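[1] what follows is a predicted protein model with its sequence.
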Amino acid sequence: MIAVGLTIAAAGYAGRYALKAMKQMEPQVKQALQSLPKSAFGGYYRGGFESKMTKREAALILGVSSPTANKGKIREAHRRIMLLNHPDKGK
């Protein structure tokens, strides 16, 4: 019973310390996020999804100019996105 109480108290103090540390680091985290290049996130489709994907929406997600783009451009865009998001990347 005493061990459980001491464990709960230690967890409370650790949580309190973590919250104080996070508040002190908040300006540094904000500055780091603002210093990231905006173009790193500019290529992604930020819109909502429809219940059934349209050709226009697929073109926006792939980053090709229009739904009537040629097959080569569509395949290259798909390959690029698949390589970026592959689960074995970096292993």
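    Happy to help now that I have it.

[2] now for the lowest-mean-pLDDT helix or strand in the chain, which elements pack on it?
    Least confident element among the helices and strands of the chain, by mean pLDDT, DSSP states H and E: helix 55-62 (a mean of 83). In this structure, helix 55-62 makes packing contacts with helix 71-84, judged by 3 or more C-beta pairs under 8 Å, 6 or more residues apart in numbering; DSSP states H and E. C-beta here means a position set from N, CA and C on the backbone, and glycine is covered the same way.

[3] which secondary structure elements does the helix it packs on contact?
    Using 3+ C-beta pairs under 8 Å, 6+ apart: helix 71-84 touches helix 55-62.

[4] buried stuff in the helix it packs on?
    Residues of helix 55-62 classed as buried: 57, 59-62 (neighbour count, 16 or more other C-beta atoms under 10 Å).

[5] list the buried residues for the helix or strand hosting Gln34?
    Taking DSSP states H and E as the definition, one finds Gln34 inside helix 2-35. Along helix 2-35, no position meets the burial threshold by neighbour count (16+ other C-beta under 10 Å).

[6] which non-adjacent residue is nearest Ile74?
    Beyond its immediate neighbours in the sequence, the residue positioned closest to Ile74 (C-beta to C-beta, 6 or more residues apart in numbering) is Val64, lying 5.8 Å away.

[7] quick check: domain ranges of the chain?
    The chain breaks down into these structural domains: 1-34, 51-91 (assignment by automatic domain parsing).

[8] weakest of those in terms of mean pLDDT?
    When these are compared on average pLDDT, domain 51-91 comes out lowest at a mean of 83.

[9] chain center to that domain: distance?
    How far domain 51-91 lies from its chain's middle: 17 Å, per C-alpha atoms, centre = their mean, to the nearest Å.

[10] residue contacts, the closest residue to Ile81 other than its chain neighbours?
    Leaving out its chain neighbours, the residue that sits closest to Ile81 by C-beta to C-beta, 6+ apart is Leu62, at 6.7 Å. Leu62 sits next to 74, 77-78, 81 when contact means C-beta atoms under 8 Å, 6 or more residues apart in numbering.
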